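# Build the 3D model from these lines:
(chains A and B)
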Amino acid sequence: MRKVLTMLVVLLLTGCSHQVTLQESFPQPVISKLPATVVLHLPEELRNVVHKEKPEHGGEWTVYFGDANVNLFSAIFQGLIENVKVVEKASAIPDGAFVITPTMKDFQFSTPGMSKTDFYEVWIKYQLELAQPKSRVLHTWPFTAYGREEKDGKAASSAMREATRRAMRDAAAAIVLNYPKQKVVRKHLVAQGETP
Amino acid sequence: MKRWWLWLALVGLGGCVSSSVEQLRNAPVGLLKEGETIVVLGRRQNFRHQTEADFTRCVYNSLMRQKLPVKPEQVFMDEMFPWFQPRTAPRSAEALAARLTEPVIADRLQQTGTRYIVWLDGVTRRGEDGGSLSCSVGAGGGACVGLLWWEEDADYEAVIWDMQTLKSMGKIAVEASGTSYIPAVIVPIPLIAPTQSAACTGVARQLRDFLRGPKR
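Numbering: from 1, shown residues only, chains lettered A, B, ... in the order given. Below you'll find the model as predicted:
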């Protein structure tokens, strides 16, 4: 009996894993669209990202992004630029097109157990690459988005999901606010709509 | 017998909250007209101290109970996406006016019919604490003995912006402080001071008076 109890305690302490599944959709940004034409390339590595991590404190975390990244970047760029063609495969990119390729470079999180605060926090590092034609990179723009959620009696996985959702919405805010201001982006995309 | 008096005194004192509310008006009361909606937003700039989501929810629910036309925070954030996210939210009425020079944003605001934004800013902090409480479990059962106490201070401000005139219409400031106790003789009895809830009630009542005029 004692053995069973010990095993149960060990299982509770070490085997507690958390799974977060994102099924997010995002609204299109409210902004005047840039009168430009781009191809938005959403590569395989951005689709169905799965982040697995076992921090020093607590159980293992698995975050399944599913279509969340695709939904995020499709909504942002379709709201930001007038003509956007979304492609999955590089072979589908037309010759001579301006191509924006987002990638997720890093995902980090912190739990109340790790930070000794009341918050679940998430940092996501994304990168936007602008190329024309597809092989000639004109500009790369890495940026970090942040989201947090109070533990507030919630289940750990739902608090982490909310923190991740907020980080992704913060990524949208960062792009809308800062991407069109990038010098090279202005030169190549904003200039498309300007009359000579 | 003496001990009973002590516990009675604790019950009487414990969980008490004192609060004060101040209102600064730049416009007459009873602002709200038929068909106009309000949105209550919590300040969530990425600092360590940000308005707790449950405080914002509490003010929203109080205004709903008072039959004020309040729009849920998330609906407004989606309608205006991404301009009221922590990274992009304007910090002053002037900054909002500057943002609304963008016609698409101004149009969206008009289409969605949000007339007033109530910005909630502040936090409830835990102050001093003390006491000790110990519990033990034996073959015949368990028991706790001791006393724990802690103080909480709530400090919030609600600023009302008119989205039509793009001006601040007034400000409500509320301060509340309370001390909670957990006395224990065999069974611990938590006497929790509803500090944040008192601040929420104070803000919601003043907002109602400000937007709709005092209750008769």
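# So what's the residue count around residue A:166?
The tally of other residues near residue A:166 (other C-beta atoms under 10 Å in any protein chain shown) stands at 21. To be clear about C-beta, it is placed using only N, CA and C from the backbone, and glycine gets the same treatment.
# likewise residue B:192?
If you count neighbours by other C-beta under 10 Å, residue B:192 ends up with 15.
# pretty sure it is touching residue B:180, no?
Yes. Because the distance of 4.7 Å satisfies C-beta atoms under 8 Å, residue B:192 is recorded as touching residue B:180.
# what comes into contact with the lengthiest helix in chain B?
The longest helix of chain B (DSSP state H) is helix B:195-212. Under the criterion C-beta atoms under 8 Å, 6 or more residues apart in numbering or on different chains, residues B:17, B:19, B:21, B:23, B:25, B:29-32, B:38, B:52, B:54-55, B:58-59, B:62-63, B:66, B:68, B:116, B:118, B:120, B:122, B:124, B:152-156, B:158, B:160, B:169-170, B:172, B:174-178, B:215 lie in contact with helix B:195-212.
# Can you pull the residues of chain A lying near chain B?
Selection of chain A residues close to chain B by C-beta under 8 Å from any C-beta of the partner chain yields A:26-32, A:117, A:146, A:148, A:150, A:152, A:166, A:169-170, A:172-174, A:176-177.
# Among the residues you listed, name the buried ones.
Buried residues within those, counting neighbours by 16 or more other C-beta atoms under 10 Å in any protein chain shown: A:26-31, A:146, A:148, A:150, A:166, A:169-170, A:172-174, A:176-177.
# can you pull the contacts of residue A:54?
A:60, A:61 are the contacts of residue A:54 under C-beta under 8 Å, 6+ apart.
# and residue 177, what does it touch?
The chain I'm using is chain A. B:82, B:87, B:88.
# Oops, wrong one, chain B.
When contacts are counted by C-beta under 8 Å, 6+ apart, residue B:177 touches B:17, B:18, B:19, B:127, B:151, B:152, B:153, B:154, B:195.
# can you do 10 Å?
Counting by C-beta atoms under 10 Å, 6 or more residues apart in numbering or on different chains, residue B:177 makes contact with B:16-20, B:124-125, B:127, B:151-155, B:193, B:195, B:198-199.
# Then residue A:109?
A:20, A:51, A:53, A:55, A:61, A:63, A:115, A:120-124, A:147-148, A:160, A:163-164, A:167.
# Sort out for me which of the residues you listed are in helices.
Within the contacts of residue A:109, residues falling in helices by DSSP H are A:115, A:160, A:163, A:164, A:167.
# Name whatever forms a beta bridge with residue 124.
Since no chain was named, I'll use chain A. Beta bridges link residue A:124 to residue A:107, residue A:145 when assigned by DSSP bridges.
# hm, I was asking about chain B
Applying DSSP bridges to residue B:124 gives these bridge partners: residue B:154.
# Residue B:160 now?
residue B:118, residue B:170.
# Next up, the contacts around it.
Residue B:160 touches B:25-27, B:31, B:38, B:93, B:116-119, B:167-172, B:207, B:210-211, counting by C-beta under 10 Å, 6+ apart.
# and the gap between it and residue B:63?
Taking C-beta to C-beta, to the nearest Å as the measure, residue B:160 falls 12 Å from residue B:63.
# what touches both of those two?
The contact sets of residue B:160 and residue B:63 overlap at B:38, B:118, B:207, B:211 (C-beta under 10 Å, 6+ apart).
# Can you list phi and psi of the closest residue to residue A:176 other than its chain neighbours for me?
The shortest distance from residue A:176 to any non-neighbouring residue, by C-beta to C-beta, 6 or more residues apart in numbering or on different chains, is to residue A:29 (4.7 Å). Per-residue torsions, residue A:29: phi -70, psi 150 (degrees, to the nearest 10).
# can I assume residue A:29 is in contact with residue B:84?
No. Residue A:29 sits out of contact with residue B:84 when judged by C-beta atoms under 10 Å, with a separation of 11.8 Å.
# so what's in contact with those two at the same time?
Common neighbours of residue A:29 and residue B:84 (criterion: C-beta under 10 Å, 6+ apart): residue A:173.
# Relative to the whole chain's centre, how far out is the longest helix of chain B?
Distance, stretch centre to chain centre, for helix B:195-212: 8 Å (C-alpha atoms, centre = their mean, to the nearest Å).
# mind listing what's buried in that helix?
Of the residues in helix B:195-212, B:195-208, B:210-212 count as buried by neighbour count, 16+ other C-beta under 10 Å.
# Can you tell me the element the residue of chain A found nearest chain B falls in?
As assessed by C-beta to the nearest C-beta, chain B sits closest to residue A:173 within chain A, at 3.9 Å. Element membership of residue A:173, judged by DSSP states H and E, is helix A:156-178.
# What is the subsequent helix or strand relative to that helix?
Next along the chain after helix A:156-178, taking DSSP H and E as the criterion, comes helix A:183-188.
# Could you pull out the helices in chain B for me?
Assigned by DSSP H, the helices in chain B fall at B:2-13, B:53-65, B:73-79, B:93-99, B:103-112, B:195-212.
# most packed of these?
Looking across those with neighbours counted as mean count of other C-beta atoms under 10 Å in any protein chain shown, the highest average goes to helix B:195-212: a mean of 22.
# Give me the number of neighbouring residues for residue 181.
Picked chain A for this. 9.
# look at chain B instead
The number of residues packed around residue B:181, counting by other C-beta under 10 Å, is 21.
# and what of residue A:97?
Residue A:97, neighbours per other C-beta under 10 Å, totals 17.
# Which residue, other than its chain neighbours, is closest to it?
Computed as C-beta to C-beta, 6+ apart, the closest residue to residue A:97 that is not its neighbour in sequence is residue A:39, at 4.5 Å.
# That neighbour: what's it in contact with?
A:77, A:83-87, A:92-94, A:97-101, A:131-132, A:134.
# Partner strands of the host helix or strand of it and their direction?
Assigned by DSSP H and E, residue A:39 belongs to strand A:34-41. The pairing partners recorded for strand A:34-41 under DSSP bridges are strand A:81-87 (parallel), strand A:99-110 (parallel).
# Buried deepest among those strands, which one?
Per residue and on average, the most neighbours among the strands paired with strand A:34-41 fall to strand A:99-110, with a mean of 18 (mean count of other C-beta under 10 Å).
# Helix A:156-178 and that one, what's the angle between them?
140 degrees (axes from the mean of the first three to the mean of the last three C-alpha atoms, to 10 degrees).
# next one: strand A:99-110 to chain centre, how far?
Per C-alpha atoms, centre = their mean, the displacement of strand A:99-110 from the mean C-alpha position of its chain is 6 Å.
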